[in-house]
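Student: sequence unknown, structure follows:
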Ligand code: BES
Ligand code: MN
């Protein structure tokens with residue numbers, strides 16, 4: 001029987017940074033860890049090449065009348081930089097105070113292990129379990145999953161299941177399990193402004209021309225109102241009102257506004273229309289500056305008018321906002337508002353749709369919701385009550401896992417998402433960690449969900 005903490009630690013020791021080709025060996029190492037685990041569980045394992053990072057597919061086949069659950073995860077991680085800010089090295093996992101520290105412990109190596117461990121336990125208890133399973137573990141989530149859509153399309157038949165089970169989302173605390181009912185979409189772009197053909201002496205030429213950094217600052221400043229609302233006509237078209245049941249769930253959040261403010265260490269929130277920060281991050285789109293640059297960045301001073309300035313922007317989208325429409329709108333706005341005294345070039349990066357799934361028994365539950373999906377939600381809730389003493393809350397999240405909507409569109413499957421990291425887990429930041437108590441709850445919930453779904457297989461004798 002495998003030790004799940006040991007397995008996560010082995011997995012984290014493989015530095016699988018997908019964005020940097022220097023980490024190719026770490027990517028291969030992470031795949032090896034997965035393949036060994038899956039083979040030891042008796043699954044059929046394939047490492048499927050893609051134009052970039054291979055997909056690991058592990059399957060338990062069975063008769064067509066058995067339910068089929070697809071379990072999604074990603075074996076890639078974000079870069080560990082800035083390395084000096086880690087208390088202990090990023091790829092040397094250690095436990096402190098009930099948390100396992102290391103890059104990828106929370107995003108996504110630990111949470112996906114809850115499902116791997118659950119399957120291992122179930123199959124050990126019942127080797128004849130009437131359940132088909134496919135683990136779909138990709139290596140490109142942190143760079144926008146460029147290869148996965150084509151992979152899904154090419155493998156439609158064997159990937160088609162009743163629903164997807166995954167944990168790549170958040171719970172507000174280790175005591176309050178969350179079933180995630182939505183994700184924001186995303187769209188990334190970059191604008192580069194060019195003024196003079198070369199950097200200039202600011203004494204010789206200063207006063208004669210528009211500095212591209214100034215043009216960029218004015219352009220960026222034009223994109224929001226004073227209260228933070230995105231100042232682009234049409235940006236909010238189609239944004240849906242929040243339903244009463246979702247508001248009621250939001251009200252169950254254990255975190256107070258003041259706790260959140262202190263956690264962020266900011267003097268005040270910046271939301272528009274009287275929205276709470278919890279509502280704003282889940283139900284509203286944003287336009288965010290992720291990086292800005294140009295000119296001299298080194299020690300001391302340099303009297304220069306730079307030739308170029310750039311900004312990196314990402315937009316978080318909510319359901320019914322089409323990434324292509326928003327991309328066109330933002331590009332058009334940047335070009336229109338940029339001073340004609342500098343040149344502007346806009347490069348568009350990856351994008352993905354928002355996603356929303358409605359649990360059973362809600363006013364807007366689709367009438368044709370799959371009974372297997374409904375059973376999975378109900379089993380998750382019942383087990384969450386058992387392991388944490390309180391029912392889960394059903395919340396949308398502000399983060400993005402764009403492939404979840406792609407799976408819905410290409411394969412027609414919805415997702416059951418169990419939040420297994422918390423705000424303290426430092427995703428994408430130094431000292432990332434996994435709360436081991438929450439991990440254990442997640443593994444129990446996953447096991448209960450899979451057992452309940454297997455219980456829906458029609459009896460054949
Ligand atoms: N696990 C996160 C997404 C997430 C974070 C969901 C917080 C819910 C709450 C995922 O691995 C991630 O970081 N996604 C990226 C998007 C990707 C296209 C780069 C993100 O949200 O920035
Ligand atoms: Mn991530």
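Tutor: That came through fine. Note that this is a predicted model, so its numbers are computed, not measured. Residues are numbered from 1 along each chain as shown. Ligands and ions are numbered 1, 2, ... in the order given.
Student: In a strand, residue 313, correct?
Tutor: Yes - judged by DSSP: H, G, I helix; E, B strand; the rest coil, residue 313 forms part of a strand.
Student: just checking, it touches residue 186?
Tutor: No - if you go by CB atoms under 8 Å, residue 313 and residue 186 don't touch, sitting 11.1 Å apart. Heads up, the C-betas are built off the backbone N, CA and C, glycines and all.
Student: list the residues that contact both of these two?
Tutor: Counting by CB atoms under 8 Å, 6 or more residues apart in numbering, residue 313 and residue 186 have no common neighbour.
Student: how about the strands of the stretch 51-200 of the chain, start to end?
Tutor: Per DSSP state E, counting those that start in this stretch, the stretch 51-200 of the chain carries strands over the ranges 55-60, 68-74, 94-96, 99-101, 132-138, 163-170, 178-183, 185-194, 200-201.
Student: For the closest residue to residue 255 other than its chain neighbours, list the residues it contacts.
Tutor: Nearest non-adjacent residue to residue 255, counting by CB to CB, 6 or more residues apart in numbering: residue 172, 5.2 Å away. Going by CB under 8 Å, 6+ apart, residue 172 touches 178, 253-255, 393, 395, 422-423.
Student: Quick check, pLDDT for residue 172.
Tutor: pLDDT for residue 172: 94.
Student: before we move on, what about residue 35?
Tutor: pLDDT, residue 35: 98.
Student: likewise the one 10 residues further on?
Tutor: Note on residue 45: pLDDT of 98.
Student: right, and the helix or strand after the stretch of helix or strand residue 324 belongs to?
Tutor: According to DSSP states H and E, residue 324 maps onto helix 323-337. Following helix 323-337 in sequence order, the next helix or strand is strand 343-352 (DSSP H and E).
Student: quick one: strands adjacent to that next one?
Tutor: strand 185-194 (antiparallel) (DSSP bridges).
Student: what mean pLDDT does the partner strand have?
Tutor: Rounded mean pLDDT across strand 185-194 is 97.
Student: That strand vs helix 323-337, what angle?
Tutor: With axes from the mean of the first three to the mean of the last three CA atoms, to 10 degrees defining the directions, strand 185-194 sits at 20 degrees from helix 323-337.
Student: anything in strand 185-194 sitting right up against ligand 1?
Tutor: Yes - using CB under 6 Å from any ligand atom, we find that strand 185-194 touches ligand 1 at residue 186.
Student: Can you list the buried residues in the helix holding residue 324?
Tutor: Using 16 or more other CB atoms under 10 Å as the test for burial, helix 323-337 gives 323, 326-327, 329-331, 333-334, 337.
Student: which pair in these spans the largest distance?
Tutor: Checked with CB to CB, the buried residues of helix 323-337 reach their widest spread between 323 and 337, with 20.9 Å between them.
Student: Could I get the pLDDT score of the closest residue to ligand 1 within the stretch 201-350 of the chain?
Tutor: Relative to ligand 1, the nearest point of the stretch 201-350 of the chain is residue 350 (6.0 Å; CB to the nearest ligand atom). pLDDT, residue 350: 92.
Student: That one: neighbouring residues, count only.
Tutor: 16 (other CB atoms under 10 Å).
Student: roughly how far apart are it and residue 402?
Tutor: 8 Å (CB to CB, to the nearest Å).
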